[in-house]
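Q: could you look at this predicted model? Sequence included:
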Amino acid sequence: MKNKVNIAIIGGGIIGLYTAYELAKRGVENIAVYEKNYIGSGSTFRCGTGIRQQFGDEANIKMMKRSVEKWSTVGEEINFPPLKMAKTGYLFLLYSEKEVEQYKKNVALQNSLGVPSKIITPEEAQEIVPGLDISEVVAASWNPTDGKANPFLAVYGLSKALKKMGVEINEYTEVKEIKVKDGAVEGVKTEKGDVKADIVLNAANAWAKIFNEKLGVKIPIEPYKHQGIVTEPFKVGEIKPMVVSFKHGGAYLTQKPNGGIIGGIALKYGPTWDITPTYEFLREVAKNFSKIIPALKYITIIRQWGGYYAETPDHNATIGKINEIEGYYLSAGFSGHGFMLAPAAAEGMAELITKGSSSLPLDFYDPYRFERGELREHAIQMG
Ligand SMILES: Cc1cc2nc3c(=O)[nH]c(=O)nc-3n(C[C@H](O)[C@H](O)[C@H](O)COP(=O)(O)OP(=O)(O)OC[C@H]3O[C@@H](n4cnc5c(N)ncnc54)[C@H](O)[C@@H]3O)c2cc1C
(Lines give C-alpha, C1' and ligand atoms only; values in the text may rest on other atoms or scores of the structure.)
Protein backbone atom coordinates (compact mmCIF):
# COMPACT_ATOMS: atom_id res chain seq x y z
CA MET A 1 0.00 0.00 0.00
CA LYS A 2 1.39 3.41 -1.02
CA ASN A 3 1.93 5.96 1.73
CA LYS A 4 1.31 8.95 -0.54
CA VAL A 5 -1.36 9.32 -3.23
CA ASN A 6 -3.00 12.21 -5.07
CA ILE A 7 -6.57 11.13 -4.44
CA ALA A 8 -7.77 8.85 -1.64
CA ILE A 9 -11.27 7.48 -2.14
CA ILE A 10 -13.08 6.08 0.90
CA GLY A 11 -15.54 3.34 -0.14
CA GLY A 12 -15.29 0.59 -2.72
CA GLY A 13 -18.92 0.60 -3.82
CA ILE A 14 -20.16 1.58 -7.27
CA ILE A 15 -19.72 5.30 -6.50
CA GLY A 16 -16.12 5.06 -5.30
CA LEU A 17 -15.07 2.68 -8.08
CA TYR A 18 -16.83 4.50 -10.91
CA THR A 19 -15.43 7.85 -9.75
CA ALA A 20 -11.92 6.35 -9.61
CA TYR A 21 -12.46 5.16 -13.18
CA GLU A 22 -13.61 8.58 -14.46
CA LEU A 23 -10.65 10.24 -12.75
CA ALA A 24 -8.13 7.73 -14.13
CA LYS A 25 -9.68 8.13 -17.60
CA ARG A 26 -8.90 11.84 -17.35
CA GLY A 27 -5.24 11.07 -16.71
CA VAL A 28 -5.22 11.54 -12.93
CA GLU A 29 -2.45 9.37 -11.49
CA ASN A 30 -1.90 7.91 -8.06
CA ILE A 31 -5.48 7.20 -7.07
CA ALA A 32 -6.23 4.78 -4.24
CA VAL A 33 -9.53 3.28 -3.09
CA TYR A 34 -9.94 2.09 0.51
CA GLU A 35 -12.66 -0.43 1.30
CA LYS A 36 -13.14 -1.72 4.83
CA ASN A 37 -14.64 -5.01 3.65
CA TYR A 38 -14.59 -6.38 0.07
CA ILE A 39 -15.54 -4.19 -2.90
CA GLY A 40 -19.29 -4.12 -3.53
CA SER A 41 -20.07 -5.45 -0.04
CA GLY A 42 -21.96 -2.31 1.08
CA SER A 43 -25.21 -1.42 -0.65
CA THR A 44 -24.01 -2.06 -4.19
CA PHE A 45 -24.25 -5.88 -4.10
CA ARG A 46 -27.62 -5.60 -2.31
CA CYS A 47 -29.30 -3.42 -4.91
CA GLY A 48 -32.32 -4.20 -7.04
CA THR A 49 -30.37 -3.66 -10.33
CA GLY A 50 -32.82 -1.00 -11.63
CA ILE A 51 -31.79 1.88 -13.92
CA ARG A 52 -34.44 4.42 -14.92
CA GLN A 53 -34.80 7.87 -16.42
CA GLN A 54 -38.41 8.20 -15.24
CA PHE A 55 -37.87 10.84 -12.58
CA GLY A 56 -40.11 13.87 -12.01
CA ASP A 57 -37.47 16.64 -12.04
CA GLU A 58 -35.11 17.99 -14.66
CA ALA A 59 -31.77 17.36 -12.92
CA ASN A 60 -32.36 13.68 -12.16
CA ILE A 61 -33.72 13.07 -15.67
CA LYS A 62 -30.66 14.73 -17.26
CA MET A 63 -28.27 12.84 -14.98
CA MET A 64 -30.04 9.56 -15.67
CA LYS A 65 -30.07 10.15 -19.43
CA ARG A 66 -26.29 10.56 -19.23
CA SER A 67 -25.99 7.53 -16.94
CA VAL A 68 -27.95 5.36 -19.36
CA GLU A 69 -25.63 6.41 -22.21
CA LYS A 70 -22.68 5.41 -20.08
CA TRP A 71 -24.21 2.18 -18.72
CA SER A 72 -24.83 1.20 -22.38
CA THR A 73 -21.19 1.57 -23.43
CA VAL A 74 -19.03 1.06 -20.33
CA GLY A 75 -18.68 -2.70 -20.89
CA GLU A 76 -17.11 -2.17 -24.32
CA GLU A 77 -15.10 0.79 -23.10
CA ILE A 78 -13.39 -1.31 -20.41
CA ASN A 79 -13.17 -4.36 -22.64
CA PHE A 80 -15.54 -6.36 -20.44
CA PRO A 81 -18.55 -7.15 -22.68
CA PRO A 82 -20.53 -9.11 -20.03
CA LEU A 83 -21.25 -5.75 -18.40
CA LYS A 84 -24.14 -4.47 -20.48
CA MET A 85 -27.27 -2.61 -19.51
CA ALA A 86 -30.40 -4.56 -20.50
CA LYS A 87 -32.87 -2.02 -21.92
CA THR A 88 -35.96 -3.87 -20.75
CA GLY A 89 -37.88 -0.77 -19.63
CA TYR A 90 -39.66 0.46 -16.50
CA LEU A 91 -43.43 0.09 -16.26
CA PHE A 92 -45.18 2.22 -13.61
CA LEU A 93 -48.72 0.91 -13.04
CA LEU A 94 -51.19 3.71 -12.31
CA TYR A 95 -54.41 3.07 -10.42
CA SER A 96 -56.10 6.50 -10.16
CA GLU A 97 -56.75 9.55 -12.33
CA LYS A 98 -54.69 11.59 -9.88
CA GLU A 99 -51.67 9.34 -10.44
CA VAL A 100 -52.22 9.47 -14.21
CA GLU A 101 -52.27 13.30 -14.17
CA GLN A 102 -48.98 13.37 -12.26
CA TYR A 103 -47.33 10.86 -14.60
CA LYS A 104 -48.56 12.77 -17.68
CA LYS A 105 -46.65 15.78 -16.35
CA ASN A 106 -43.57 13.63 -15.67
CA VAL A 107 -43.74 12.11 -19.16
CA ALA A 108 -44.03 15.58 -20.77
CA LEU A 109 -40.92 16.72 -18.89
CA GLN A 110 -39.06 13.50 -19.71
CA ASN A 111 -39.99 13.82 -23.42
CA SER A 112 -38.84 17.46 -23.48
CA LEU A 113 -35.42 16.21 -22.29
CA GLY A 114 -35.25 13.44 -24.90
CA VAL A 115 -36.48 10.45 -22.85
CA PRO A 116 -39.04 8.47 -24.92
CA SER A 117 -41.48 7.59 -22.12
CA LYS A 118 -45.22 7.50 -22.76
CA ILE A 119 -48.56 6.82 -21.08
CA ILE A 120 -50.05 3.54 -22.27
CA THR A 121 -53.33 1.65 -21.71
CA PRO A 122 -53.73 -1.25 -19.26
CA GLU A 123 -54.03 -3.63 -22.24
CA GLU A 124 -50.75 -2.35 -23.69
CA ALA A 125 -49.13 -2.84 -20.27
CA GLN A 126 -50.40 -6.43 -20.28
CA GLU A 127 -48.87 -7.01 -23.69
CA ILE A 128 -45.51 -6.08 -22.16
CA VAL A 129 -46.03 -8.21 -19.02
CA PRO A 130 -48.65 -10.88 -19.80
CA GLY A 131 -49.23 -11.99 -16.20
CA LEU A 132 -50.34 -8.57 -14.90
CA ASP A 133 -53.68 -8.21 -13.15
CA ILE A 134 -55.00 -5.11 -14.94
CA SER A 135 -58.51 -5.18 -13.46
CA GLU A 136 -57.86 -1.98 -11.47
CA VAL A 137 -55.09 -0.43 -13.59
CA VAL A 138 -56.13 2.91 -15.19
CA ALA A 139 -52.98 3.47 -17.28
CA ALA A 140 -49.22 2.93 -17.11
CA SER A 141 -46.13 5.02 -17.65
CA TRP A 142 -43.67 3.15 -19.87
CA ASN A 143 -40.15 3.87 -20.99
CA PRO A 144 -38.44 1.17 -23.07
CA THR A 145 -34.95 2.72 -22.68
CA ASP A 146 -34.87 2.23 -18.90
CA GLY A 147 -33.67 -1.14 -17.64
CA LYS A 148 -31.15 -2.87 -15.42
CA ALA A 149 -27.53 -3.99 -15.05
CA ASN A 150 -25.74 -6.57 -12.96
CA PRO A 151 -23.96 -4.96 -9.96
CA PHE A 152 -21.59 -7.91 -9.56
CA LEU A 153 -20.37 -7.59 -13.15
CA ALA A 154 -20.17 -3.81 -12.79
CA VAL A 155 -17.93 -4.01 -9.72
CA TYR A 156 -15.82 -6.86 -11.12
CA GLY A 157 -15.40 -5.21 -14.54
CA LEU A 158 -14.58 -1.77 -13.16
CA SER A 159 -12.10 -3.10 -10.61
CA LYS A 160 -10.27 -5.08 -13.31
CA ALA A 161 -10.09 -1.96 -15.48
CA LEU A 162 -8.92 0.16 -12.54
CA LYS A 163 -6.08 -2.20 -11.71
CA LYS A 164 -4.91 -2.04 -15.35
CA MET A 165 -5.04 1.76 -15.16
CA GLY A 166 -2.79 1.71 -12.09
CA VAL A 167 -5.41 2.54 -9.47
CA GLU A 168 -4.65 0.95 -6.11
CA ILE A 169 -7.64 -0.89 -4.63
CA ASN A 170 -7.17 -1.73 -0.96
CA GLU A 171 -9.77 -4.17 0.34
CA TYR A 172 -10.12 -4.97 4.04
CA THR A 173 -8.58 -1.57 4.76
CA GLU A 174 -10.74 0.56 7.00
CA VAL A 175 -10.21 4.30 7.03
CA LYS A 176 -10.26 5.35 10.66
CA GLU A 177 -9.95 9.07 10.16
CA ILE A 178 -9.53 11.83 7.60
CA LYS A 179 -6.50 13.83 8.66
CA VAL A 180 -6.83 17.61 8.42
CA LYS A 181 -4.21 20.29 9.03
CA ASP A 182 -4.70 24.05 8.81
CA GLY A 183 -8.12 23.65 7.18
CA ALA A 184 -6.94 21.29 4.41
CA VAL A 185 -6.90 17.51 4.09
CA GLU A 186 -3.56 15.91 4.80
CA GLY A 187 -4.54 12.32 4.08
CA VAL A 188 -6.21 9.33 5.67
CA LYS A 189 -5.42 7.18 8.67
CA THR A 190 -6.15 3.55 7.80
CA GLU A 191 -5.97 0.42 9.91
CA LYS A 192 -2.86 -0.47 7.88
CA GLY A 193 -1.12 2.87 8.25
CA ASP A 194 -1.27 6.55 7.35
CA VAL A 195 -1.46 7.76 3.76
CA LYS A 196 -0.82 11.32 2.63
CA ALA A 197 -3.27 12.66 0.04
CA ASP A 198 -4.04 16.04 -1.53
CA ILE A 199 -7.67 15.13 -2.09
CA VAL A 200 -10.00 12.84 -0.13
CA LEU A 201 -13.33 11.73 -1.60
CA ASN A 202 -15.90 10.43 0.86
CA ALA A 203 -17.87 7.78 -1.08
CA ALA A 204 -18.76 5.80 2.04
CA ASN A 205 -22.55 5.88 1.43
CA ALA A 206 -24.36 5.06 4.70
CA TRP A 207 -21.12 5.55 6.63
CA ALA A 208 -20.35 8.95 5.04
CA LYS A 209 -21.85 10.77 7.99
CA ILE A 210 -19.35 9.26 10.42
CA PHE A 211 -16.50 11.12 8.70
CA ASN A 212 -18.53 14.32 8.30
CA GLU A 213 -19.52 14.34 11.96
CA LYS A 214 -15.93 13.85 13.14
CA LEU A 215 -14.93 16.85 11.03
CA GLY A 216 -17.84 18.99 12.23
CA VAL A 217 -19.47 18.99 8.78
CA LYS A 218 -23.27 18.93 9.15
CA ILE A 219 -24.90 17.29 6.14
CA PRO A 220 -28.00 15.18 6.80
CA ILE A 221 -27.35 11.66 5.48
CA GLU A 222 -28.85 8.85 7.54
CA PRO A 223 -28.73 5.03 7.20
CA TYR A 224 -32.13 3.37 6.69
CA LYS A 225 -32.75 -0.37 6.42
CA HIS A 226 -34.37 -1.44 3.14
CA GLN A 227 -34.69 -5.04 2.01
CA GLY A 228 -34.79 -7.12 -1.13
CA ILE A 229 -35.79 -10.65 -2.13
CA VAL A 230 -35.13 -13.07 -4.93
CA THR A 231 -37.36 -16.00 -5.91
CA GLU A 232 -36.85 -19.35 -7.56
CA PRO A 233 -37.02 -19.13 -11.38
CA PHE A 234 -40.39 -18.14 -12.86
CA LYS A 235 -41.15 -18.46 -16.61
CA VAL A 236 -37.94 -17.01 -18.10
CA GLY A 237 -38.58 -13.80 -20.07
CA GLU A 238 -42.09 -13.30 -18.65
CA ILE A 239 -41.32 -10.10 -16.67
CA LYS A 240 -38.73 -8.20 -18.69
CA PRO A 241 -39.19 -4.64 -17.34
CA MET A 242 -39.04 -3.32 -13.80
CA VAL A 243 -42.72 -3.26 -12.79
CA VAL A 244 -43.62 -0.62 -10.20
CA SER A 245 -46.85 -0.19 -8.23
CA PHE A 246 -47.12 2.47 -5.53
CA LYS A 247 -50.63 1.17 -4.77
CA HIS A 248 -49.14 -2.16 -3.70
CA GLY A 249 -46.79 -1.08 -0.93
CA GLY A 250 -44.48 0.71 -3.37
CA ALA A 251 -43.56 -2.65 -4.92
CA TYR A 252 -40.90 -2.93 -7.62
CA LEU A 253 -39.97 -6.22 -9.27
CA THR A 254 -38.23 -7.57 -12.33
CA GLN A 255 -36.81 -10.82 -13.61
CA LYS A 256 -33.16 -11.85 -13.76
CA PRO A 257 -31.80 -13.67 -16.84
CA ASN A 258 -32.15 -17.01 -14.98
CA GLY A 259 -35.87 -16.36 -14.34
CA GLY A 260 -35.65 -15.42 -10.65
CA ILE A 261 -37.71 -12.40 -9.58
CA ILE A 262 -35.79 -9.67 -7.76
CA GLY A 263 -37.41 -6.71 -6.02
CA GLY A 264 -38.79 -5.16 -2.88
CA ILE A 265 -41.38 -2.83 -1.40
CA ALA A 266 -41.32 0.56 0.31
CA LEU A 267 -40.99 -0.65 3.88
CA LYS A 268 -38.11 1.03 5.65
CA TYR A 269 -36.74 1.11 9.18
CA GLY A 270 -34.53 3.69 10.80
CA PRO A 271 -32.36 5.57 10.97
CA THR A 272 -30.55 2.42 12.10
CA TRP A 273 -27.35 0.45 11.69
CA ASP A 274 -29.33 -2.81 11.99
CA ILE A 275 -29.93 -4.48 8.62
CA THR A 276 -31.36 -7.79 9.85
CA PRO A 277 -34.10 -9.00 7.47
CA THR A 278 -37.64 -8.89 8.89
CA TYR A 279 -40.62 -11.24 8.62
CA GLU A 280 -42.90 -8.21 8.15
CA PHE A 281 -41.09 -7.38 4.90
CA LEU A 282 -41.26 -10.96 3.63
CA ARG A 283 -45.01 -11.15 4.30
CA GLU A 284 -45.74 -7.76 2.66
CA VAL A 285 -43.62 -8.59 -0.42
CA ALA A 286 -45.44 -11.90 -0.90
CA LYS A 287 -48.84 -10.24 -0.50
CA ASN A 288 -48.18 -7.27 -2.78
CA PHE A 289 -46.20 -9.04 -5.53
CA SER A 290 -48.96 -11.59 -5.97
CA LYS A 291 -51.60 -8.88 -6.27
CA ILE A 292 -49.67 -7.32 -9.17
CA ILE A 293 -48.94 -10.66 -10.90
CA PRO A 294 -51.25 -13.34 -9.42
CA ALA A 295 -49.15 -16.30 -10.66
CA LEU A 296 -46.35 -15.19 -8.33
CA LYS A 297 -48.28 -16.62 -5.35
CA TYR A 298 -47.05 -20.06 -6.46
CA ILE A 299 -43.38 -19.03 -6.52
CA THR A 300 -41.00 -19.53 -3.59
CA ILE A 301 -38.85 -16.73 -2.22
CA ILE A 302 -35.39 -18.22 -1.86
CA ARG A 303 -33.43 -15.34 -0.36
CA GLN A 304 -34.02 -12.11 1.53
CA TRP A 305 -31.49 -9.50 2.59
CA GLY A 306 -31.20 -6.11 4.20
CA GLY A 307 -29.05 -3.17 3.16
CA TYR A 308 -28.74 0.57 3.58
CA TYR A 309 -30.27 3.43 1.73
CA ALA A 310 -28.17 6.45 2.69
CA GLU A 311 -31.05 8.91 2.75
CA THR A 312 -31.18 12.69 2.67
CA PRO A 313 -34.34 14.64 3.59
CA ASP A 314 -35.29 15.22 -0.09
CA HIS A 315 -34.06 11.79 -1.29
CA ASN A 316 -31.47 13.36 -3.56
CA ALA A 317 -27.74 12.74 -3.26
CA THR A 318 -25.12 15.14 -1.98
CA ILE A 319 -22.36 15.56 -4.54
CA GLY A 320 -19.81 18.33 -4.20
CA LYS A 321 -16.91 20.04 -2.53
CA ILE A 322 -16.91 20.50 1.23
CA ASN A 323 -16.21 24.17 1.80
CA GLU A 324 -14.92 23.93 5.35
CA ILE A 325 -11.98 21.69 4.42
CA GLU A 326 -9.79 22.25 1.37
CA GLY A 327 -9.42 19.07 -0.70
CA TYR A 328 -12.44 17.26 0.83
CA TYR A 329 -15.22 16.05 -1.52
CA LEU A 330 -18.44 14.16 -0.88
CA SER A 331 -20.48 11.83 -3.12
CA ALA A 332 -23.03 10.06 -0.94
CA GLY A 333 -26.66 10.00 0.19
CA PHE A 334 -28.05 8.48 -2.99
CA SER A 335 -31.27 7.50 -1.20
CA GLY A 336 -31.95 4.27 -3.08
CA HIS A 337 -30.90 5.31 -6.60
CA GLY A 338 -27.11 5.33 -6.38
CA PHE A 339 -26.46 2.32 -8.58
CA MET A 340 -28.29 3.85 -11.53
CA LEU A 341 -26.82 7.34 -10.99
CA ALA A 342 -23.22 6.18 -10.52
CA PRO A 343 -21.89 6.83 -14.06
CA ALA A 344 -23.13 10.45 -14.23
CA ALA A 345 -22.33 11.15 -10.57
CA ALA A 346 -18.81 9.84 -11.18
CA GLU A 347 -18.36 11.89 -14.33
CA GLY A 348 -19.62 15.01 -12.57
CA MET A 349 -17.32 14.50 -9.59
CA ALA A 350 -14.29 13.77 -11.81
CA GLU A 351 -14.94 17.00 -13.73
CA LEU A 352 -15.36 18.93 -10.50
CA ILE A 353 -12.07 17.62 -9.12
CA THR A 354 -10.06 18.07 -12.31
CA LYS A 355 -11.62 21.27 -13.74
CA GLY A 356 -13.38 22.90 -10.81
CA SER A 357 -16.83 22.65 -12.45
CA SER A 358 -19.04 20.14 -14.25
CA SER A 359 -21.13 20.14 -17.41
CA LEU A 360 -23.75 18.09 -15.52
CA PRO A 361 -26.35 19.69 -13.20
CA LEU A 362 -24.39 19.04 -10.00
CA ASP A 363 -25.76 22.21 -8.34
CA PHE A 364 -28.97 20.30 -7.76
CA TYR A 365 -27.06 17.94 -5.44
CA ASP A 366 -25.32 20.75 -3.54
CA PRO A 367 -24.57 19.36 -0.06
CA TYR A 368 -25.32 22.78 1.50
CA ARG A 369 -28.91 23.05 0.25
CA PHE A 370 -30.27 21.70 3.56
CA GLU A 371 -28.39 24.29 5.59
CA ARG A 372 -29.90 26.99 3.36
CA GLY A 373 -33.38 25.44 3.63
CA GLU A 374 -33.47 24.84 -0.15
CA LEU A 375 -34.65 21.25 -0.26
CA ARG A 376 -35.37 19.86 -3.72
CA GLU A 377 -38.61 18.27 -4.80
CA HIS A 378 -38.62 14.72 -3.40
CA ALA A 379 -37.03 12.38 -5.94
CA ILE A 380 -39.22 9.46 -7.01
CA GLN A 381 -37.89 6.62 -4.84
CA MET A 382 -38.36 2.85 -5.16
CA GLY A 383 -38.41 0.75 -2.05
C1 LIG B 1 -32.56 -3.44 -1.08
C2 LIG B 1 -31.92 -2.37 -1.93
C3 LIG B 1 -32.34 -2.20 -3.26
C4 LIG B 1 -31.77 -1.21 -4.05
N5 LIG B 1 -32.15 -1.09 -5.36
C6 LIG B 1 -31.57 -0.18 -6.18
C7 LIG B 1 -31.87 -0.10 -7.56
O8 LIG B 1 -32.67 -0.88 -8.09
N9 LIG B 1 -31.26 0.86 -8.31
C10 LIG B 1 -30.37 1.75 -7.76
O11 LIG B 1 -29.88 2.62 -8.48
N12 LIG B 1 -30.03 1.68 -6.45
C13 LIG B 1 -30.61 0.75 -5.66
N14 LIG B 1 -30.25 0.67 -4.33
C15 LIG B 1 -29.34 1.68 -3.79
C16 LIG B 1 -27.91 1.39 -4.19
O17 LIG B 1 -27.56 0.09 -3.75
C18 LIG B 1 -26.98 2.42 -3.56
O19 LIG B 1 -27.47 3.73 -3.77
C20 LIG B 1 -25.58 2.33 -4.15
O21 LIG B 1 -25.10 1.01 -4.12
C22 LIG B 1 -24.67 3.26 -3.39
O23 LIG B 1 -23.35 3.00 -3.81
P24 LIG B 1 -22.16 3.50 -2.91
O25 LIG B 1 -20.91 3.17 -3.60
O26 LIG B 1 -22.41 4.92 -2.53
O27 LIG B 1 -22.35 2.69 -1.57
P28 LIG B 1 -21.80 1.22 -1.02
O29 LIG B 1 -21.97 0.23 -2.08
O30 LIG B 1 -22.47 1.05 0.26
O31 LIG B 1 -20.28 1.54 -0.86
C32 LIG B 1 -19.75 2.26 0.23
C33 LIG B 1 -18.61 1.43 0.75
O34 LIG B 1 -17.90 2.18 1.74
C35 LIG B 1 -17.30 1.24 2.59
N36 LIG B 1 -16.88 1.91 3.82
C37 LIG B 1 -17.67 2.46 4.77
N38 LIG B 1 -16.94 2.98 5.77
C39 LIG B 1 -15.64 2.77 5.43
C40 LIG B 1 -14.41 3.06 6.06
N41 LIG B 1 -14.36 3.66 7.25
N42 LIG B 1 -13.26 2.69 5.45
C43 LIG B 1 -13.29 2.06 4.24
N44 LIG B 1 -14.44 1.73 3.61
C45 LIG B 1 -15.60 2.10 4.19
C46 LIG B 1 -18.40 0.23 2.81
O47 LIG B 1 -17.92 -1.01 3.29
C48 LIG B 1 -19.04 0.15 1.43
O49 LIG B 1 -18.56 -0.96 0.68
C50 LIG B 1 -30.78 -0.34 -3.51
C51 LIG B 1 -30.33 -0.52 -2.19
C52 LIG B 1 -30.89 -1.53 -1.41
C53 LIG B 1 -30.40 -1.71 0.00
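A: Cool, the structure landed.
Q: okay, CA-based contacts and neighbour counts for the rest of this
A: Noted.
Q: residue ranges of the strands in the stretch 201-350 of the chain, please?
A: 222-233, 242-245, 251-255, 260-264, 301-311, 318-321, 328-332 (DSSP state E, counting those that start in this stretch).
Q: ditto for the stretch 51-200 of the chain
A: 90-94, 118-120, 139-143, 147-148, 168-170, 175-181, 184-190, 193-202.
Q: what's the closest of the ones you listed to the ligand?
A: The ligand sits nearest to strand 175-181 of all these, at 3.8 Å, using C-alpha to the nearest ligand atom.
Q: and the closest one, what's buried?
A: 175-180 (16 or more other C-alpha atoms under 10 Å).
Q: same list, the residues you listed, but as a markdown table with pLDDT please.
A: Listed next are those as a markdown table, based on pLDDT from 0 to 100:
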| residue | pLDDT |
| --- | --- |
| V175 | 98 |
| K176 | 98 |
| E177 | 98 |
| I178 | 98 |
| K179 | 98 |
| V180 | 98 |
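Q: between those residues, which is nearest G187?
A: For the buried residues of strand 175-181, the minimum distance to G187 (C-alpha to C-alpha) is 5.2 Å, reached by K179.
Q: on that earlier part again, can you list the strands of the stretch 201-350 of the chain in JSON lines and add mean pLDDT?
A: Formatted as JSON lines, these follow (pLDDT from 0 to 100):
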{"stretch": "strand 222-233", "mean pLDDT": "98"}
{"stretch": "strand 242-245", "mean pLDDT": "98"}
{"stretch": "strand 251-255", "mean pLDDT": "98"}
{"stretch": "strand 260-264", "mean pLDDT": "98"}
{"stretch": "strand 301-311", "mean pLDDT": "98"}
{"stretch": "strand 318-321", "mean pLDDT": "98"}
{"stretch": "strand 328-332", "mean pLDDT": "98"}
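Q: adding mean neighbour count, write those strands out as TSV.
A: Putting the strands of the stretch 201-350 of the chain into TSV (neighbours: other C-alpha atoms under 10 Å) gives the following:
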stretch	mean neighbour count
strand 222-233	22
strand 242-245	25
strand 251-255	26
strand 260-264	25
strand 301-311	21
strand 318-321	24
strand 328-332	25
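Q: wait, G183 touches G327, no?
A: No - counting by C-alpha atoms under 8 Å, G183 does not reach G327; the two are 9.2 Å apart.
Q: between these two, which one's more packed in?
A: G327 (21 against 12; other C-alpha atoms under 10 Å).
Q: mind listing what the more buried one touches?
A: 184-185, 198-200, 321 (C-alpha atoms under 8 Å, 6 or more residues apart in numbering).
Q: from the buried residues of strand 175-181, which are also near the ligand?
A: 175-176 (C-alpha under 6 Å from any ligand atom).
Q: test my guess that E171 contacts N37.
A: Yes - in this structure, E171 is within contact of N37 by C-alpha under 8 Å, at 5.9 Å.
Q: please report the distance of Y224 from I275.
A: 8 Å (C-alpha to C-alpha, to the nearest Å).
Q: shared neighbours of these two, anything?
A: Y308.
Q: spell out which residues of the stretch 201-350 of the chain are next to the ligand.
A: Counting by C-alpha under 6 Å from any ligand atom, the stretch 201-350 of the chain sits next to the ligand at 203-205, 207, 226-228, 307-309, 332, 334-340.
Q: one more time with 5 Å
A: 204-205, 207, 227-228, 307-308, 334, 336-340 (C-alpha under 5 Å from any ligand atom).
Q: give the closest residue to the residue nearest to the spatial centre of the chain in space, chain neighbours not counted.
A: Closest residue to the average C-alpha location of the chain: G338 at 1.7 Å, with C-alpha atoms, centre = their mean. Nearest residue to G338 in three dimensions, chain neighbours excluded: I15, at 7.4 Å (C-alpha to C-alpha, 6 or more residues apart in numbering).
Q: secondary structure element for the one you found?
A: helix 14-25 (DSSP states H and E).
Q: now that helix: buried residues?
A: Counting neighbours by 16+ other C-alpha under 10 Å, the buried set in helix 14-25 is 14-24.
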